[in-house]
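**Q** Need coordinates for the below:
(2 chains)
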Amino acid sequence: MSAEAEAGGGGGGGGEVNGVQPNVTIYINNLNEKIKLEELKKSLNAVFSQFGKILEVLAFKTLKHKGQAWVVFEDVASATKALKGMQDFPFYDKPMKIQYAKTKSDVVAKADGTFVPRERRKRNDEKPEKKQKREQHHDVSQGGLGMNAYPGTYGAPPLSQLPFGAGPRVMMPEIIVPNSILFVQNLPHDTTAMVLQMFFCQYQGFKEVRTIEAKPGIAFVEYGDEGQATAAMNALQGFKIKETPMLVTYAKK
DNA sequence: AGCACA
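**A** Sure, this is the predicted structure:
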């Protein structure tokens, strides 16, 4: 009988990468080591949640684990899309290198019932104490099981659906005045400027992203001229960082 | 370069 090497099932299909079998968890290295862990994890979450529901993002600051992270998805299909879609993606100025994780993540093993406490397998068993802390997985409730946006390549994300009626009420159509500054709305409230920059800087003429702490969910992105701003707007219109498509318009002058 | 679960 053949043991399923897949950690977590899900039936994603697809072959091994670098001799590692598909896993719900991806292993990322070549990450920028200057980024603080908390920010790194938030940004990874922001950048990867477009591929499916994320159960956990792990990164450590120890010497042996600098520049590396694990992103645990709910299913293998999401992990595979993430691996393929974000391979070499410039993240804090360094191309991400992504593989499937070699072993099953604890969070998955716990859900599985196959979890073995770490004292058993860690060679560094300096703490034989067993602490039992309750764990709550209060994940952001998002319909991650349905269709998730798979943008394919980042050079040309799809203009899948333009969220014209995205707000609670549709405003009167305004006269559109092109501007080299874009106004971005409907962002997840924890979206950082760094994360936005990673998307918007891919287009010609990118200058900067500005977020406003007091106003989460929106941002301004400036380009060298209106034509460049327009190209970026068309490319990223409706792009989903999480489940809600972003709305990109010209900023008011 | 480096596959963990602070």
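
**Q** residues making contact with stretch A:246-253?
**A** By Cβ atoms under 8 Å, 6 or more residues apart in numbering, the residues outside stretch A:246-253 that reach it are A:163, A:166, A:176-179, A:181-187, A:220, A:226, A:229, A:232-233, A:236-240. Any C-beta I mention is one placed from the backbone N, CA and C, and that applies to glycine too.

**Q** Check the offset of it from the chain's centre.
**A** Average the C-alpha atoms of stretch A:246-253, do the same for its chain, and the two points are 23 Å apart (Cα atoms, centre = their mean, to the nearest Å).

**Q** Tell me where the model's unsure across chain A.
**A** Low-confidence regions of chain A, defined by pLDDT under 70, span residues A:1-14, A:120-172.

**Q** all helices of it, in order?
**A** Ranges of helices in chain A, per DSSP state H, are A:37-48, A:76-86, A:106-112, A:118-121, A:193-200, A:226-236.

**Q** which of those helices sits most buried?
**A** Taking mean count of other Cβ atoms under 10 Å as the contact definition, the stretch among the helices of chain A with the greatest mean neighbour count is helix A:76-86, which reaches a mean of 23.

**Q** Nearest to the spatial middle of chain A, which residue is it?
**A** Nearest to the centroid of the C-alpha atoms of chain A, with distances taken as Cα atoms, centre = their mean, sits residue A:48, at 1.9 Å.

**Q** Looks like that residue contacts residue A:82 (just checking).
**A** Yes. Contact status for residue A:48 versus residue A:82: in contact at 5.3 Å, counting by Cβ atoms under 8 Å.

**Q** what touches both of the two?
**A** A:71, A:73.

**Q** check contacts around the residue in the stretch 151-253 of chain A that DNA strand B sits nearest to.
**A** The minimum distance from the stretch 151-253 of chain A to DNA strand B, using Cβ to the nearest atom of the strand, falls at residue A:198 (18.5 Å). Contact criterion Cβ under 8 Å, 6+ apart gives A:43, A:47, A:89, A:90, A:91, A:92 as the residues in contact with residue A:198.

**Q** got it, and residue A:16?
**A** Taking Cβ under 8 Å, 6+ apart as the test, what residue A:16 contacts is A:22, A:100.

**Q** Quick check: it vs residue A:114, distance?
**A** Using Cβ to Cβ, to the nearest Å, residue A:16 is found at 21 Å from residue A:114.

**Q** before we move on, back to that, can you say which of the contacts of stretch A:246-253 are buried?
**A** A:163, A:179, A:181-184, A:186-187, A:220, A:226, A:229, A:232-233, A:236-240 (16 or more other Cβ atoms under 10 Å).

**Q** What about DNA strand B: which of the residues you listed touch it?
**A** Counting by Cβ under 7 Å from any atom of the strand, nothing from the buried ones among the contacts of stretch A:246-253 sits close to DNA strand B.

**Q** before we move on, back to that, state the pair within the contacts of residue A:198 that is farthest apart.
**A** A:43 and A:90 (12.4 Å; Cβ to Cβ).

**Q** for DNA strand B, what are the nearby residues on chain A?
**A** Taking Cβ under 7 Å from any atom of the strand as the contact definition, chain A meets DNA strand B at A:18, A:20, A:25, A:27, A:29-31, A:33, A:56, A:58, A:60-68, A:70, A:72, A:99-107, A:109, A:118, A:122.

**Q** So which residues of the stretch 51-200 of chain A form strands?
**A** According to DSSP state E, counting those that start in this stretch, the stretch 51-200 of chain A carries its strands in the segments A:54-59, A:69-73, A:90-91, A:94-95, A:97-100, A:181-185.
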